[in-house]
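>>> Next comes the sequence, and after it the predicted model I'd like to discuss.
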Amino acid sequence: MTTKVPSSSSVLMHRVFVYGSLKRAQPNYPYMTDSNNGKAELLATATTVQKYPLVIATQYNLPFLLNLPGQGHRVNGELYRVDEKMLKYLDWFEKVPTMYQRTVVELEINELADVVDEELSPGSITEGFVYSTTTYQPDWPSLPAYQSYDSNGDHGLKFVLRKDRH
């Protein structure tokens, strides 16, 4: 979750697992690459060790990881190393603590990115922060659960950008 990166300055970095609209090729990915929000480096693709329900909900068709370990599927996503500024931005973006809560999840590393991190290798287990929710509607656990989210997926549910929400 939190690591100290060796450098001339002492910088705390955090690992964050994204599974929805913040992944590469998804509608909110530009927020991950905007240096005004902080720094984010892709470390690897990863899968949750435990199963969780990943559902698409609300009139805006947003992906939510319900904090119901043991239900649903092992969820695929991306593991990033982010600085404190980006972590605070993501907390704001994900409306912590009302909409999502930042919790710790165990992850199995799939494929490494080009960033060097000696602690990670394919098949290894690590921890990272994830934005999941315990503040969901009663019917959400009965919605279809997905292993992986794609805003253009077969589900046919059009993701509504924040700027287009009323």
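The structure has been received and is ready for your questions.

>>> Give me the distance from stretch 81-93 to the chain's centre.
The chain centroid and the centroid of stretch 81-93 are separated by 12 Å under Cα atoms, centre = their mean, to the nearest Å.

>>> And for it, what's in contact with it?
3, 5, 11-16, 22, 28, 31-32, 37-41, 43, 102, 115, 117, 129, 131 (Cβ atoms under 8 Å, 6 or more residues apart in numbering). Backbone N, C-alpha and C define where each C-beta goes, glycine included.

>>> and if we set it to 7 Å?
Stretch 81-93 has contacts (Cβ atoms under 7 Å, 6 or more residues apart in numbering) with 11-16, 31, 37-41, 43, 102, 115.

>>> Which stretches in this protein count as strands?
With DSSP state E, the ranges of strands along the chain come out as 2-5, 11-18, 40-52, 54-57, 62-65, 73-83, 101-112, 125-132.

>>> now for the second one, which elements pack on it?
Yep, that's strand 11-18 we're talking about. Other helices and strands packing on strand 11-18, by 3 or more Cβ pairs under 7 Å, 6 or more residues apart in numbering; DSSP states H and E, are strand 2-5, strand 73-83, helix 84-93, strand 125-132.
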